[in-house]
Every structure is written in structure tokens, then in C-alpha cells.
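In: dropping the sequence and predicted coords here.
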Amino acid sequence: MAPSATHDPPSSMTPARPRILVPEKVSPDGLALLTPHFDVDNRLGLSADDIVTLIPQYHGLIVRSETQVTADVLQAGKKLRVVARAGVGVDNIDVPAATTQGIIVVNSPAGNILAAAEHTVALLLATARNLGRADGTVKEGRWERSKLVGVEVSSKTLGIIGLGKVGMNVARMAKGLGMTVVAVDPYASTDIARQAGVQLVPGLQDLLPLVDFLTIHTPLLATTLDLIGEEELKKMKKTARVLNVARGGVYNEAALLKGLDEGWIAGAGIDVWSSEPLQPDSAAAKLSKHPKVVATPHLGASTIEAQENVSMDVCKQVLEILRGGLPTSAVNAPIILPEEYRKLQPSVQLVEKMGRLYTQHFVRSKGGMMGRRRFELIYHGDLAGMPNTKPLFAALVKGLVASFSDSHVNIVNATLIAKEKGIVISETHSREAQPPTFANLVTLRSYEAGNSGNEQIIEGYASDEQVYISKLDRFNGAFTPEGTLIILHNYDEPGKIGGVGMVLGAHGINIKFMQVASLDPQQQQMAAVQDGPLDGPRGNEALMILGVLGPVDNEVLEGLRNSEGVLDVSLVKL
Ligand SMILES: NC(=O)C1=CN([C@@H]2O[C@H](COP(=O)(O)OP(=O)(O)OC[C@H]3O[C@@H](n4cnc5c(N)ncnc54)[C@H](O)[C@@H]3O)[C@@H](O)[C@H]2O)C=CC1
Ligand SMILES: O=C(O)C(=O)COP(=O)(O)O
């Protein structure tokens, strides 16, 4: 039977639903995903001050290009957990300020790129055939055919600055129109460009004199602001036309106005402006009214399809984030989300250190092969009950690759990077009845597929914000994984420390701390039942872990290796 209304808790006891502010027109398809769970306020026409005043009530903010998400907005947003950009460019969002505040910024990196590319081609043809003026004159009742003779684009050269997602789509479409395409992009792949029939040239000086049409598809960055000014425009053909569907400011608008007035170039198709909407009397406003300009009001992404795509892309992510999950395209992805920070941060730090220790101790120092190995992260005690251990997974990937790659691993790309590098990690939530000795214990087990005897173990725990390694390989003994460590595998006999101290002293290396890890009792028993030593007195081994200050070079390591009773030495920097 359905509960009667009288059994409902009074509204004051009902937990408030998270609130989302949408101060721009965003397609309802995506918003419909949010309304069952959150209060979504689609309020158009808010001023910058209004947003600062309202934002403290909201957990999410969804914008397009019109809302300036400044540091003031972000600081005022005390409950704000996510800012979603229903589009590509995030230049209207102060991303560093969001990161400082622990607010996730997400976007839709590909939802509107076809729309932007098609709009560029629309402006290309519109500028070539004077469509703006032609339409205006016909509507005014004039019939001015001879004044509106255009040029063909087929067989002409299109120059593209920025051969990314939009630029590459424009290139493909332009090839379809029979154009020759040349491009400048210091970061583009020459192979991909060649496959698309695009010729990459080294710099603007090589490109500008060649082109009949020029289009820019870079983000607006300090390095792309005023990319094309007077000097660059003067290098172009007088018959050339320029297009901007990227951002206002990549062409210097005053220079463009002068170039059109003085005939350095023939025309322009412009969708984006340095201030939107246009400020009266600004260079942008004058440009928009110029007879040689086809102007549109930032319509690049304004198709029904693109708006559905971007709305769905970002609303799915907002839903996920506000329910404690992970975004798919965070612009400022951390390895750990703010709400998990206090609970998981020490363990995240621990697991990253375990990954670094693994690569340096087992792979680099011992000449091991990582490619053949599999990894298992086993969570014990409190950690075994954590529903979301993705940050720990990401931390392990980060730690494992840190020594041989500059990949910036974060919570969003960790799985992809692991896949790219061939790292296979499984996670196990331990179900042992006995609670572990330490509450936040993690075991990293590495093994070769099909070879159970070849196991490598690192175990550690976090306690009082400090992290410790409690087991390394077959040895037990807690040490802090911090700074430069020398790990000596030796026979556990008197006199070892003296010999090692002499080698380090001779090279001016100070010992900060020393810890001995002894053979695991199980291993000792196994050694005791064995008939005599295998490769030495196995029951009598230990690890000596030295935290040192000073440069440790190969000569030092060789000196230590030659010390009596030392079986092996590894150097680890954590
Ligand atoms: N008008 C509109 O409605 C729309 C505008 N956009 C704008 O288009 C821009 C590009 O979007 P995507 O192609 O998706 O970005 P993307 O990141 O895929 O491509 C940008 C390309 O620019 C290149 N680049 C960066 N600096 C450069 C420089 N100094 N010289 C030459 N190349 C440089 C990069 O290497 C990259 O390949 C966005 O940042 C956004 O501002 C995007 C969608 C719609
Ligand atoms: O996605 C982009 O970068 C755009 O410029 C589209 O802007 P809009 O969402 O149409 O205001």
C-alpha cells in the first residue's frame, strides 16, 4: 500500500535536494537527466552581480560562453562542487581558481566540433560569395548583381592555424570542396595531417603568403591572443579572406578593421568577438558592420544536434559528480575528489609511494621486467569497505609510471594510461574475518601470469596522516617511504652496520634513519625446514633500509654491494 501523505516527514525534515543553476540556454535533453534528482533553476538574463549573490545556494553551475565564471563567483560558491561548460572553450571560466577551491570543471570536448567546422565552411562560402550583403540588399528591395560578384573556393588554398578537432574537420570538408589545405600547428601529428591530405608548414611566415582563405582553430591562450595583427595581415594576398570561429582576440580586431579599410585583405567571416555581446563603438562592433564582413553572433555551436550533444555530455557528468562519482572529461581533474579527500588522501599517498617503490626497487634496481607482470591491490580493514577505490587505482598507476613517463595521471585518465602502458591492475576487497593489525592496510601484489612462485609484495598502511611501508618482499618492518632510501639485502649478522656506515661516511652521505626488516616468520620457518642453505643462509637474511642525505651515485652503490654480507642494494627516491 502506498504510504499516506500524513506519514511523510514534515518538509523541514526532508533533506534539501542539491541545486543547480543554469544561467544560459542549455538543451533540455540533458537537463531532463538532472531534474528527477536536483532542483534545476534555468534563469536567463542574470547579471554578473546576480550570479555572485545567488551562487552560495548552488551545488552545480552549468554555463555556455556567455557567463563569466570568475574567481569571485567561485569563491562565493561555498557549496559549489562542479562547473560544467556545455561546449568546448573554457576561457570564460577561471579554471585555476576552481582548482584551488576544489571545484571540478567539466566540458564537452567534442559535442559541438562538427557544428563549429560546418559554420566555418558556411562563413568560408558566405565571404567568398558576399552572401551577407546580397541577402541584405535583396531584403531592402535592391537588385545589385554586378556589385556582388564573388570568387570560387575550389582550387584555392585554405590556411588553417590549429589543426585540432575543429581544424581537422574543417580541413576534411575543405578538401571535399576541392581546396588545397596547408596548416600550422606545432603540436599536430604529421602522419594524421598527411593522411588527411593537409600539408603542415613550420610557421606563419610560410603559411600567410600562400593562402586565399585563412581560418584559426586554436583555443584562446596567452600565446594565441593577437596571433594575427597588422604585420601578419600585410603578409597575406590582397585577395585573401579570413575567418574566425575560434575566439575573439586571436585576430587583433583593430588591425583587421584597418586591413579591410586599407585593402590589405579582401574580406572576413567572423563568428566570435573580443567582447560578446558587442560593445557599441568598439573595434568589434565596427567590424561587424563593415561591408566586407559577414558577421554572426557566436553561432558556431548553435545547432540542435550540437546543443543536444553538449547538454547530454555535461549533464551526465554533473549527475555523476553530485552523486559522488567521476566525470568523464574534467578539465582540472584531481586524483581525488574533494569529498573523499579526508578519508582517502593518506591511502592515496601511500599507494602512489608503493607504486614508485615497486618500479624503483623491483624493476629498475633489480633489472626486472614490468611488461609481463600483473598487479593486485588488496584492501584490508576499513579500506576493504570503501565503495570507491578509483583514486587508489589511479594513485598506483601514477606511482608505477612516474619513473618512466611524464604522463599526468589523474582520476579521469588513469585507466586509459594504464591501458596504454600495458599495466593490468585488479582490486580485491579483503574479506578476512580477523581485522588487520593496521586499519588502513593495503597490499600490492605483483605476479607473473601463470607463475605463482614469482610473487613480489609491498604492504603498507596509513596512520595519523603518516604513511608507512610494513612489508617489502619477504621482509617485515615499518619504515617511512620518504626521500632517498638505500635498501640493502644482507645476512642478518653483527658488524653489517659498521661496514655500510664506513662506505657512506667516505662519500659524505649522512644517515637520517635506519630500519631493519626481518624475514617474515613464515619464510623463516620455510627456511628452517629446508635442508641447508640454498643460495646462502636463507633464514638469516634481513633488509636494512637507510634514509640518507647526499647524492648517491653508482660508486657508492658499488661500494655497498662489495661490503661483506651484502647480497643486493637498491636506490629508491620517493
Ligand atoms: N564558435 C564556436 O561556437 C566554437 C568555438 N570553438 C573554439 O574552437 C577552439 C578549438 O577547438 P578544438 O578544435 O576542439 O580544440 P583542440 O584542442 O582539439 O585543437 C586546438 C589545436 O590548436 C593547436 N594550437 C594551440 N596553440 C597553437 C598555436 N599557437 N599555433 C598553432 N596551433 C596551435 C593545438 O595544438 C591543437 O591541435 C576551442 O578552444 C574554442 O575556443 C569550439 C567550438 C565552438
Ligand atoms: O564550445 C565552444 O567553445 C563555443 O564557443 C560554443 O559556445 P556556446 O556554447 O555556443 O556559447
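Out: Cool, got the structure. Ligands and ions are numbered 1, 2, ... in the order given.
In: can you list contacts of stretch 217-233?
Out: Applying C-beta atoms under 8 Å, 6 or more residues apart in numbering, the external contacts of stretch 217-233 come out as 89, 91, 116, 120, 160-164, 166-167, 170, 204, 208, 214, 216, 242, 245-252, 255-256, 258-259, 264-265. For glycine as for every other residue, the C-beta is placed from the backbone atoms N, C-alpha and C.
In: now intersect these with the helices, please.
Out: Mapping those onto helices (DSSP state H) picks out 116, 120, 166-167, 170, 204, 255-256, 258-259.
In: which one is Tyr358 nearest to, not counting chain neighbours?
Out: Taking C-beta to C-beta, 6 or more residues apart in numbering, and ignoring the residues beside it in sequence, Tyr358 has Ile458 as its nearest neighbour in space, at 5.9 Å.
In: any idea which element that neighbour lies in?
Out: Here Ile458 sits within strand 451-463, counting by DSSP states H and E.
In: strand partners of that strand, parallel vs antiparallel please.
Out: Strands adjacent to strand 451-463 in the sheet, as given by DSSP bridges, are strand 441-448 (antiparallel), strand 466-472 (antiparallel).
In: mind listing the strands for the stretch 101-250 of the chain?
Out: 104-107, 157-161, 180-184, 198-200, 213-216, 241-244 (DSSP state E, counting those that start in this stretch).
In: give me the contacts around the fifth one.
Out: If you take C-beta under 8 Å, 6+ apart as the criterion, strand 213-216 is touched by 120, 124, 127-128, 153, 156-162, 167, 170, 179, 207-208, 224, 227-228, 236, 240-246, 250-251.
In: same for ligand 1: which of the residues you listed are within range?
Out: Near ligand 1, judged by C-beta under 6 Å from any ligand atom, the entries from those are 161-162, 167, 224, 245-246.
In: will you turn those into a markdown table that also has pLDDT and distance to Pro481?
Out: A markdown table is the format used below for those (pLDDT from 0 to 100; distance: C-beta to C-beta, whole Å):
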| residue | pLDDT | distance to Pro481 |
| --- | --- | --- |
| Ile161 | 97 | 47 |
| Gly162 | 94 | 43 |
| Gly167 | 97 | 45 |
| Thr224 | 90 | 42 |
| Val245 | 98 | 51 |
| Ala246 | 97 | 46 |
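In: want to try TSV for the residues you listed, with neighbour count and distance to Thr480 as columns?
Out: Output for these, formatted as TSV (neighbours: other C-beta atoms under 10 Å; distance: C-beta to C-beta, whole Å):
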residue	neighbour count	distance to Thr480
Ile161	21	51
Gly162	23	48
Gly167	28	50
Thr224	17	46
Val245	28	55
Ala246	27	50
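In: residues in contact with Val552?
Out: 484, 486, 507, 509, 571.
In: so which of the strands of the stretch 101-250 of the chain gets nearest Arg364?
Out: Comparing the strands of the stretch 101-250 of the chain by their distance to Arg364 (C-beta to C-beta), the top pick is strand 104-107, with 34.7 Å.
In: next, see if that closest one gets close to ligand 2.
Out: No - judged by C-beta under 6 Å from any ligand atom, strand 104-107 makes no contact with ligand 2; its nearest approach is 7.7 Å.
In: so which residue of the stretch 251-400 of the chain comes closest to ligand 1?
Out: The minimum distance from the stretch 251-400 of the chain to ligand 1, using C-beta to the nearest ligand atom, falls at Gly300 (2.5 Å).
In: so which strand or helix has that residue?
Out: When elements are defined using DSSP H and E, Gly300 is found to belong to no helix and no strand.
In: what does Pro481 give?
Out: Secondary structure (DSSP H and E) places Pro481 outside all helices and strands.
In: right, and it touches Ala462 too?
Out: No - counting by C-beta atoms under 8 Å, Pro481 sits too far from Ala462 to count as a contact (11.1 Å).
In: any common contacting residues for the two?
Out: With contacts defined as C-beta under 8 Å, 6+ apart, the residues adjacent to both Pro481 and Ala462 are 350, 468.
In: which stretches of this structure have low pLDDT?
Out: Along the chain, the model assigns pLDDT under 70 to residues 1-15, 187, 333-339, 365-372, 403-408, 411-412, 420, 452, 495, 523-539.
In: need the residues of it near ligand 2, please.
Out: Close to ligand 2, as judged by C-beta under 6 Å from any ligand atom, the chain has residues 64-65, 86-89, 112, 298, 300-302.
In: quick one: these as TSV, columns for neighbour count and distance to Thr443 too.
Out: TSV is the format used below for the residues of the chain next to ligand 2 (neighbours: other C-beta under 10 Å; distance: C-beta to C-beta, whole Å):
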residue	neighbour count	distance to Thr443
Arg64	23	47
Ser65	21	49
Ala86	30	43
Gly87	29	44
Val88	23	43
Gly89	19	45
Asn112	27	46
His298	19	54
Gly300	27	52
Ala301	25	49
Ser302	17	54
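In: and Lys390, how many neighbours?
Out: Using other C-beta atoms under 10 Å, the number of residues around Lys390 comes to 21.
In: please read the previous query as pertaining to Asp91.
Out: The burial count assigned to Asp91 is 15, neighbours taken as other C-beta under 10 Å.
In: next one: phi and psi at it?
Out: With angles defined as degrees, to the nearest 10, Asp91 sits at phi -70, psi -10.
In: and it, what is it in contact with?
Out: For Asp91, the set of contacting residues under the criterion of C-beta under 8 Å, 6+ apart consists of 219-220, 247.
In: now the buried members of the residues you listed.
Out: With neighbours counted using 16 or more other C-beta atoms under 10 Å, these contain these buried positions: 220, 247.
In: was I right about the residue nearest to Tyr358 contacting Lys471?
Out: Yes - under the contact definition of C-beta under 8 Å, Ile458 touches Lys471, with a separation of 6.8 Å.
In: more neighbours: these two, which one.
Out: A direct count of neighbours by other C-beta under 10 Å for Ile458 and Lys471 places Ile458 higher, at 24 against 19.
In: what's the spacing between that one and Lys512?
Out: Remark: distance between Ile458 and Lys512 (C-beta to C-beta, to the nearest Å) = 21 Å.
In: with Gly263 instead?
Out: Distance, Gly263 to Lys512, by C-beta to C-beta: 73 Å.
In: which one of the two has more residues nearby?
Out: Using other C-beta under 10 Å as the criterion, Gly263 and Lys512 rank with Lys512 on top: 15 against 9.
In: let me have the ones next to ligand 1 among the contacts of strand 213-216 in TSV, extended by distance to His380.
Out: What follows is those, written out as TSV (distance: C-beta to C-beta, whole Å):
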residue	distance to His380
Ile161	55
Gly162	50
Gly167	50
Thr224	51
Val245	55
Ala246	52
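In: ok, these vs ligand 1, which is closest?
Out: Nearest to ligand 1 among those, counting by C-beta to the nearest ligand atom, is Gly162 at 3.2 Å.
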